[in-house]
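Peer 1: Quick one, fold the following:
(one chain, ligands or ions: 1)
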Amino acid sequence: MSAVRTVAVYSLGGTIAMTTDPATGAVVPALSPHDLLAAVPHLEGHGVELRVHDFRRVAGASLTFDDLAELGAAIDETLAGGDVDGLVITQGTDTIEETAFVLDLRHGHEQPVVVTGAMRNPTMAGPDGPANLYAAVLAAADPRLRGAGVLVVLNDEIHAARHVRKSHTTSPAAFTSPATGPVGRIAEGRVRLIAAPPRRVGPLARPRGREVRVGLYTVGLGDDGALLGAWEGRCDGLVVAAFGVGHVPQRLVEGLERFAARLPVVLSSRIDNGPVLTGTYGYPGSEKDLIGRGLIPSGELGPYQARLLLHELLVRDADREAIVEWFASF
Ligand code: ASP
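Peer 2: Numbers count the residues shown, from 1 in each chain. Now for the predicted structure:
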């Protein structure tokens, strides 16, 4: 890359930013983005100017919708000026697939946003944080990724936010796109594109700040539905993580129908990959039966993404018709 490219880096914490807490001997988020970047060799040679923002120092699991709203507003401000070519977010890997998905739904800028983190903390042999940050900055600076929305870069692979999954608890190769594979790779300090990033859906308008809770109910073998009632009066929408292509035990059918008469209830699958179906099986508790009783199929979205999309739609006061349309577009 010859001309100087400007990349903004927002650091939120996570394993990439952890060091040992002497009190417990276990690692906790502590490092600043300056510390993270100091551990990355060779960046100067790429003509990239960095603008660093120390945004949060928390574990990925503790990030909130408020954090995301604040981050989204900061990203808007940074990218609206037009003098920043791309943006990198460093955060805990526990929630990367969720934060990246939400940010992608809201992203309305041409510049790419690249989320990264680390599976091995800096005190371990072979920490992957510096390599991931290096690759993320190169991806964010690459003009060919303009218009690609939010991407996730770890282990020298570039994934679309919509397809990426954390699919291992400890491996540096934990992030995969099971449905499609990565959209690109980084090698020899260069971004190599493999496939076109998926068609973007959105962006969603700015949220109105309404407080919303979306329940997630996972079915299991022998489920008698008693715990479904625990969500009664406690949520504004419900996502069901059903078996296979969208099936639940027959004993849950009436309870779900009652919920669906009052709230949006989205039918998704516990399976990591593939769509819920809409018209193949016809017995009580099948996908066709449940959709007939008012449940909304999640399309290709898994339960965690479906929960986030429903949350984002409800905070914007979307009605049932709009919710059905949004899920259909996935
Ligand atoms: N527990 C860590 C976090 O999400 C895991 C990681 O970053 O890899 O903050």
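Peer 1: Using CSV, write down the CA coordinates of whichever strand or helix holds Phe101.
Peer 2: Assigned by DSSP states H and E, Phe101 belongs to helix 96-106. These are the backbone C-alpha positions of helix 96-106, laid out as CSV (Å, rounded to 0.1, in the frame of the first residue of the first chain):
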residue,chain,number,x,y,z
ILE,A,96,-17.5,-11.2,18.8
GLU,A,97,-20.1,-13.1,16.7
GLU,A,98,-22.9,-11.2,18.4
THR,A,99,-21.4,-7.7,18.5
ALA,A,100,-20.2,-7.9,14.9
PHE,A,101,-23.7,-9.0,13.8
VAL,A,102,-25.4,-6.1,15.6
LEU,A,103,-22.9,-3.5,14.4
ASP,A,104,-23.3,-4.9,10.8
LEU,A,105,-27.1,-4.4,11.1
ARG,A,106,-26.5,-0.8,12.0
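Peer 1: tell me the contacts of the residue of the stretch 51-200 of the chain found nearest the ligand?
Peer 2: Relative to the ligand, the nearest point of the stretch 51-200 of the chain is Gly92 (2.2 Å; C-beta to the nearest ligand atom). C-beta: built from backbone N, CA, C; applies to glycine. Applying C-beta atoms under 8 Å, 6 or more residues apart in numbering to Gly92 gives the contacts 12-16, 29, 58-61, 63, 117.
Peer 1: Sheet-wise, list the partners of the following helix or strand past the helix holding Phe101 with their directions.
Peer 2: Using DSSP H and E, the helix or strand that directly follows helix 96-106 along the chain is strand 113-116. With DSSP bridges as the test, strand 113-116 is paired with strand 86-90 (parallel), strand 150-154 (parallel).
Peer 1: now those as TSV including distance to the ligand?
Peer 2: Converted to TSV, the strands paired with strand 113-116 look like this (distance: least, C-beta to the nearest ligand atom, whole Å):
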stretch	distance to the ligand
strand 86-90	9
strand 150-154	10
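Peer 1: In CSV, list those along with mean neighbour count and mean pLDDT.
Peer 2: As requested, those are arranged in CSV below (neighbours: other C-beta atoms under 10 Å; pLDDT from 0 to 100):
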stretch, mean neighbour count, mean pLDDT
strand 86-90, 28, 98
strand 150-154, 29, 98
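Peer 1: closest to Gly292 out of these?
Peer 2: strand 150-154 (35.3 Å; C-beta to C-beta).
Peer 1: just checking, what packs against the helix or strand just after that closest one?
Peer 2: Under the assignment DSSP H and E, the closest C-terminal helix or strand after strand 150-154 is strand 157-160. Applying 3 or more C-beta pairs under 8 Å, 6 or more residues apart in numbering; DSSP states H and E, we find strand 157-160 packed against strand 150-154, strand 175-176, strand 184-187.
Peer 1: Recalculate using a threshold of 7 Å.
Peer 2: strand 150-154, strand 184-187 (3 or more C-beta pairs under 7 Å, 6 or more residues apart in numbering; DSSP states H and E).
Peer 1: if we can go back for a sec, number of residues surrounding the residue lying closest to the residue of the stretch 51-200 of the chain closest to the ligand once chain neighbours are set aside?
Peer 2: Distance criterion C-beta to C-beta, 6 or more residues apart in numbering; nearest residue to Gly92, sequence neighbours excluded, is Gly60 at 2.2 Å. Counted with other C-beta atoms under 10 Å, residues neighbouring Gly60 total 21.
Peer 1: Please report how far Gly60 lies from Ile16.
Peer 2: Separation of Gly60 from Ile16 (C-beta to C-beta, to the nearest Å) stands at 10 Å.
Peer 1: now the residue lying closest to Leu151 once chain neighbours are set aside: how far from Leu145?
Peer 2: Closest residue in space to Leu151, ignoring its immediate chain neighbours: Val114 at 5.0 Å, by C-beta to C-beta, 6+ apart. Val114 sits 8 Å away from Leu145, going by C-beta to C-beta.
Peer 1: for the ligand, what are the nearby residues on this structure?
Peer 2: By C-beta under 6 Å from any ligand atom, the part of the chain that sits against the ligand consists of 14-15, 59-61, 92-94, 117, 119.
Peer 1: sorry, back to before: what's next to the helix holding Phe101, contact-wise?
Peer 2: 60, 63, 68, 72, 91, 113, 115, 117, 149-150, 152, 161-162, 164-166, 202-204, 304-305, 308-309, 312 (C-beta atoms under 7 Å, 6 or more residues apart in numbering).
Peer 1: Which residue ranges of the protein form helices?
Peer 2: For the chain, applying DSSP state H gives helices covering 33-38, 65-80, 96-106, 129-141, 253-262, 287-292, 303-314, 320-328.
Peer 1: in the third one, what counts as buried?
Peer 2: Just to be clear, that refers to helix 96-106. 96-106 (16 or more other C-beta atoms under 10 Å).
Peer 1: Switch the residues you listed over to CSV; also include distance to Tyr134 and pLDDT.
Peer 2: Formatted as CSV, those follow (distance: C-beta to C-beta, whole Å; pLDDT from 0 to 100):
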residue, distance to Tyr134, pLDDT
Ile96, 17, 98
Glu97, 21, 98
Glu98, 24, 98
Thr99, 21, 98
Ala100, 19, 98
Phe101, 24, 97
Val102, 25, 97
Leu103, 21, 97
Asp104, 23, 96
Leu105, 28, 96
Arg106, 27, 94
